[in-house]
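[1] Model the structure of this input:
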Amino acid sequence: CDGVIDEDIAVDTTLWYDDGDGDGYGDNTDTLSSCSQPTGYVINDGDCNDNNEDISPNATETCNNIDDDCDGDIDEQNSQDAPTWYADGDNDGYGDATATVNACSQPVDYVSNGDDCNDNNEDISPNATETCNSRDDNCDGDIDELGATGGNTFYEDTDEDGYGDINSTIEACAQPTGFVSDNTDCDDQNDAISPGSAEICNGIDDNCNGDTDELGATGGSTFYEDGDNDGYGDINSTIEACAQPTGFVSDNTDCDDNNNSSYPSALEICNNKDDDCDGTVDNGTTYSNFYLDADEDGLGDPNVTVSSCLLPVGYVENADDCDDGDNLSTSISNDADCDGVLTGEDCDDNDMTVLEFGTASSCPGTSCSEILSTVPGIADGVYWIQPSVTKHQAYCDMTTAGGGWTMLLNLDTSDGHVMWWGNALWTDSNVYGDVSIPFSGDHKSQAYMEMTEGSQLMLVIHKNGQYIGWRSFNKNGSGTLLSYMQGGDNTPLTSAVVDSDVSSIWNGERLVRTSTDLYANRCVQYGGSCTSGSTGSPDGDRIGSVEATPSNNNGGALGNWHDMNYCCSSQSYGSGKSCNGSAFRTVSEAQAGWGSSSGQNGTFGSDSFAPMNNTASDTGCSGANWAGSSGYDYDYALFIGP
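    I've put the predicted structure just below:
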C-alpha cells in the first residue's frame with residue numbers, strides 16, 4: 001500500500017542479467033532484481049563476452065583461438081571447422097584412417113594423412129621401399145610387385161627355349177611368365193639356337209659359344225692330319241670339321257706323315273724307304289742327288305753333284321754352300337746371301353744386290369755419322385740417308401775431324417754467288433746442284449732441310465780449287481739449320497770455334513782467317529795496310545761482307561767476293577789507298593770485283609750481278625782485269641756432324 005506495484009524490493013523478485021550484445025545471455029557481473037523482465041536484461045547468465053553476440057553458451061566452438069561457447073575451453077576438440085587428424089601409432093609419418101580425431105591443432109601422435117596400411121609397423125608406409133618379403137611395404141595395394149628391392153634379375157625368353165636374352169631384363173621377387181634366370185641365349189628369336197643346342201654345319205653359332213661351325217659340329221666331314229705338309233694325311237689322326245682345318249687334308253693315304261718326301265705320288269728313290277707308299281721299299285730306279293762338301297762345313301756345292309742310293313763320303317744332301325772352298329762362307333750364317341758382305345754390315349742379307357749400309361736407297365742411314373758408326377772405316381763419298389722424311393743422297397766426309405760429317409751445301413764463288421744470312425738461300429727449302437760432284441759448282445742438299453743430328457758445323461775451304469783447311473764450331477740453335485735460319489737474322493758462325501786444322505783462327509762470325517789466306521775480301525780497309533785501320537782489323541774479313549762504307553764491316557754471308565789483289569794495279573789514286581801495293585780508285589772498287597756496292601744477294605744460277613771480269617767503273621783503269629791471276633776464288637762447303 002505504498003502506491004507502487006511490484007517494485008524492486010518485492011520479496012519474490014527475479015534476478016535478471018544485463019545482455020549487452022543481445023545474444024540472449026547476460027553478464028553475471030551486471031544484474032538487476034525485478035518482478036518483471038527489465039529491458040535489455042535476460043534470465044540467463046553465463047555470457048563470457050557480453051560485447052560479442054557470436055560468443056555465448058549457445059555458440060558453436062570454432063578454431064579461432066576464442067572460447068566461443070563459454071565452456072572455459074578454447075578451440076577444443078570437435079570444433080566446428082577443426083581438421084581431421086589420424087593416429088600414427090608407429091610414428092612413420094603416416095596415420096591410420098580408422099583412428100581419427102578433429103582438433104584445431106595437431107594432437108600428439110596424430111598426423112594429417114591416413115594413408116598407412118599398417119600403423120603398427122614403421123617399416124610399412126607409402127614412403128617405404130617395396131622389398132621381396134610377401135607384404136605390401138609401400139601401401140600401394142600390391143605385394144612384392146616388379147622392381148621390388150631384393151629381387152632377382154630375369155631375362156626375357158622370347159623363343160621359349162629356356163635361355164634368356166641378356167639385353168632384355170626385369171627385376172622381380174619371383175620369376176615372371178616369359179622370363180628365365182639364364183641369360184646366355186645368343187638369338188632369342190630362334191629356339192633352335194641356344195647353349196643347349198648342338199652345333200651343326202650351317203654357318204650359324206648354334207650353341208652360343210662364340211664360334212661358328214667349330215670342330216666337332218654335326219654334319220661335318222672327316223679330315224686327316226698332314227703333319228709333314230705333303231698334301232697327304234694320316235689315317236690314324238682324324239678330326240671332324242665343317243671346313244678343312246689348317247694342317248689337315250681330306251686324303252688319308254700317307255704312309256709316313258713325318259716325312260714330306262714320302263707320299264703316294266712321290267718318286268721312289270734308293271733310301272731304304274717306301275717313298276711312294278705302295279707297300280714296297282726302294283722298288284724304283286731313281287737315285288738321290290748328293291752335293292760335294294769340299295770345305296767340310298756341312299753345306300754342299302750346288303755345282304758338284306752325284307746320284308746314288310747311299311750318301312757318298314764327302315757329300316751332303318743339301319746344296320746350300322755359296323763357296324765350297326771357304327768353310328766360313330755359307331748361306332745360313334755370317335753371309336746369308338753370299339754377296340761377300342757379312343750379316344752385321346749387310347743392308348739386306350737376303351738380297352745379294354743390296355750391299356753395305358747407306359750404299360743403296362733401300363737401306364739409308366739417318367746421317368753420315370750413323371753410316372760411319374755402323375761401317376767403321378768407310379770411305380768419303382755419296383751415300384743414301386733419311387734424316388726424317390725424305391730419302392736422298394748426300395756427300396759424307398768420313399775422315400776429316402773424326403769423320404761422320406754430312407754436307408749441307410757447297411758454294412762455288414767463281415760464278416759470283418754469295419749467301420747472305422737474310423737471303424732466301426738460307427731460308428728456302430730448295431735443293432740445288434749435283435751431290436755427285438760435292439766440291440764443284442753450287443749445291444744445296446735435302447739434308448739442309450731435315451738434318452737435326454749433330455752438335456757441330458764444319459766449314460771446309462778451297463782456294464782456286466785446292467783444299468785449304470777446315471774449321472768446326474758449335475751449332476748455334478736447335479732443329480734443322482733451315483728451321484734455325486728461318487727464325488730471323490741468325491748467323492750460325494757466331495758460335496765458338498771447336499777445332500781447326502789451320503792455326504791463327506778467328507772466332508765469332510768471321511771466316512777462318514790467317515795472316516795470308518783463309519779469309520774473304522782481304523785488305524779492304526780504307527786507308528792503311530792490310531793489318532791496320534780504324535776498326536783495328538782488316539775490313540771485309542768476314543765471309544762475303546758488304547762494304548757500304550770503307551770502314552763498315554757489316555758482313556754475315558757465305559761467299560767470296562775475291563781477294564783484293566783484284567784491285568787495279570796500274571793506277572794510284574790518293575795516298576794511303578792501297579792494298580798489298582795496289583791502289584784503290586774509288587770506294588765502290590773495294591767491292592771485290594762486283595759491279596755494284598749493294599744488293600749482292602746472289603741466287604744460284606739466277607742473280608743479276610756478276611764479277612767485274614775485265615771491266616772497270618773508271619775509264620782510267622779500263623784495261624785492268626778484275627778477275628786476273630793475282631786474285632783468289634774461294635769455295636765453301638758447310639757440313640753438320642757428330
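[2] give the contact list for E296.
    By CB atoms under 8 Å, 6 or more residues apart in numbering, E296 lies in contact with N327. C-beta: built from backbone N, CA, C; applies to glycine.
[3] what's the helix or strand for it?
    Here E296 sits in a region with no helix or strand, counting by DSSP states H and E.
[4] Which residues are in contact with the closest residue to V341 other than its chain neighbours?
    Closest residue to V341 apart from its sequence neighbours, by CB to CB, 6 or more residues apart in numbering: L355 at 5.3 Å. Contact analysis of L355 by CB under 8 Å, 6+ apart lists 339, 341, 346-347.
[5] now do Y110
    Contacts of Y110 (CB under 8 Å, 6+ apart): 85-88, 95, 101, 103.
[6] Who wins on neighbours among these?
    Counting neighbours by other CB atoms under 10 Å, G95 comes out on top of the contacts of Y110 with 25 neighbours.
[7] thinking again about what came up before, with pLDDT added, can I get the contacts of Y110 in CSV?
    CSV is the format used below for the contacts of Y110 (pLDDT from 0 to 100):
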residue, pLDDT
W85, 90
Y86, 89
A87, 86
D88, 86
G95, 88
V101, 88
A103, 86
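[8] follow-up on the earlier one: among the contacts of L355, which one sits closest to N133?
    Comparing these against N133 with CB to CB picks out C347 as the nearest, at 80.0 Å.
[9] so what's that closest one up against?
    354-360, 362-363.
[10] Please repeat the previous calculation with a cut-off of 7 Å.
    For C347, the contact set (CB atoms under 7 Å, 6 or more residues apart in numbering) comprises 354-357, 360, 362-363.
[11] Excluding residues flanking it in the chain, which one is nearest it?
    In space, C347 is closest to C363, 3.3 Å off (CB to CB, 6+ apart).
[12] Distance of that neighbour relative to D346?
    Distance, C363 to D346, using CB to CB, to the nearest Å: 9 Å.
[13] Look at those two and report which has more neighbours.
    Neighbour totals were compared for C363 and D346, and D346 leads with 22 against 19 (other CB under 10 Å).
[14] Low-confidence ranges, the stretch 401-550 of the chain, go.
    Filtered on pLDDT under 70, the stretch 401-550 of the chain yields the residue ranges 413-424, 476-477, 488-496, 503-550.
[15] Shouldn't N258 be within a helix?
    No - secondary structure of N258 (DSSP: H, G, I helix; E, B strand; the rest coil): coil, not part of a helix.
[16] Need the phi and psi values for it.
    When read as degrees, to the nearest 10, the backbone of N258 gives phi -100, psi 0.
[17] Go ahead and confirm it touches D228.
    Yes - the pair N258 / D228 is scored as a contact, 5.8 Å apart, by CB atoms under 7 Å.
[18] more crowded one of these two?
    Neighbour count, other CB under 10 Å: between N258 and D228, D228 has more, with 18 against 9.
[19] who touches the more buried one in this structure?
    If you count contacts by CB under 7 Å, 6+ apart, D228 has them with 257-260.
[20] Around the residue nearest to it when sequence neighbours are not counted, how many other residues sit close by?
    Distances taken as CB to CB, 6+ apart place N260 nearest to D228, at 3.9 Å, with adjacent residues excluded. N260 has 16 neighbours, counted by other CB under 10 Å.
[21] Point out where the chain drops to low pLDDT.
    Counting by pLDDT under 70, the ranges of the chain that qualify are 8-10, 284-286, 328-334, 340, 344-345, 352-354, 413-424, 476-477, 488-496, 503-634.
[22] Paired strands for the host helix or strand of R471, with orientation please.
    Per DSSP H and E, R471 falls inside strand 466-474. Strand 466-474 has its sheet partners listed here by DSSP bridges as strand 456-463 (antiparallel), strand 497-500 (antiparallel).
[23] Name the stretch among the ones you listed that sits most buried.
    Ranked by mean neighbour count, the strands paired with strand 466-474 are led by strand 456-463 with a mean of 21 (mean count of other CB atoms under 10 Å).
[24] In a markdown table, list the strands paired with strand 466-474 along with distance to D635.
    Shown next, in a markdown table, are the strands paired with strand 466-474 (distance: least, CB to CB, whole Å):
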| stretch | distance to D635 |
| --- | --- |
| strand 456-463 | 4 |
| strand 497-500 | 17 |
